[in-house]
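Structure here, sequence nowhere to be found:
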């Protein structure tokens with residue numbers, strides 16, 4: 001997280017809100033603006049504007065609607081990730097089982113939230129994504145990834161076996177647990193090791209597989225058939 005000083009010595013998470021509905025943008029702006037440690041630095045009315053504003057403002061997190069004119073949220077997410085910035089994308093959707101959400105996760109989004117999320121859930125989601133984690137813990141997120149990994153696996157080739165071969169046995173085990181939605185602390189407890197050890201494993205997994213974050217790691221695990229969608 002980059003952020004800016006908020007006057008108390010703590011970093012503020014800088015957020016860009018991308019949605020074609022003015023009421024949604026204004027509503028989220030008000031909700032997040034009232035939360036400590038979070039600053040809304042801009043708004044975008046379509047995907048093309050979102051990409052341009054990310055380049056200029058360098059926010060920590062983008063709240064990205066999927067269905068927008070000119071450039072949809074999936075393509076905008078792909079362009080933002082391809083630009084190799086530190087900006088994380090948190091997808092906004094109306095329906096929890098939205099096939100487009102899965103495509104956005106494959107494009108590099110770090111997680112998703114429903115548009116009817118509470119102010120606390122919204123702020124917590126922004127903080128989790130800004131910290132480099134992924135929104136994988138909620139049951140609905142695991143269900144979404146499980147369901148649409150089936151579609152993704154059917155539509156594309158499974159990851160190369162050589163990529164999986166680069167992982168150690170323990171790293172493969174950690175990757176499976178990531179895909180199950182477990183946090184570093186939960187994985188550490190399960191494997192009876194220090195949390196710092198798990199963080200090291202996660203970092204190595206991402207580097208070896210060329211992945212951006214835990215969300216992409218989870219999608220990779222499903223598409224590589226390491227985890228069977230339930």
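Done, it's in. The model shown is predicted, which means the values in this text are computed figures rather than measured ones.

Going by C-alpha atoms from here, please, whenever you check contacts or count neighbours.
Will do.

hey, where'd the helices end up in this protein?
Using DSSP state H, the helices of the chain run over residues 22-33, 47-57, 73-82, 99-107, 119-130, 139-155, 161-165, 169-179, 184-191, 195-209, 214-223.

Where does pLDDT dip in the chain?
1-10, 95-99, 134-162, 228-230 (pLDDT under 70).

run the last query once more with 50
5-9, 137-139 (pLDDT under 50).

Quick test: name the residue nearest the centre of it.
Residue closest to the average C-alpha location in the chain (CA atoms, centre = their mean): residue 110, at 0.7 Å.

What is the burial count for the closest residue in space to residue 93 that isn't next to it in sequence?
Excluding the flanking residues, the one nearest residue 93 by CA to CA, 6 or more residues apart in numbering is residue 114, at 5.0 Å. For residue 114, the neighbour count with other CA atoms under 10 Å is 14.

From what I see, residue 114 and residue 94 are in contact.
Yes: counting by CA atoms under 8 Å, residue 94 is a contact partner of residue 114 at 5.6 Å.

OK, contacts around residue 109?
Applying CA atoms under 8 Å, 6 or more residues apart in numbering, we find residue 109 in contact with 77, 88-91, 215.

can you tell me how far the residue nearest to the centre of the chain sits from residue 131?
11 Å (CA to CA, to the nearest Å).

repeat for residue 202
14 Å.

Please say which of the two ends up with more neighbours.
Taking other CA under 10 Å, residue 202 and residue 131 do not tie; residue 202 has more neighbours (20 against 15).
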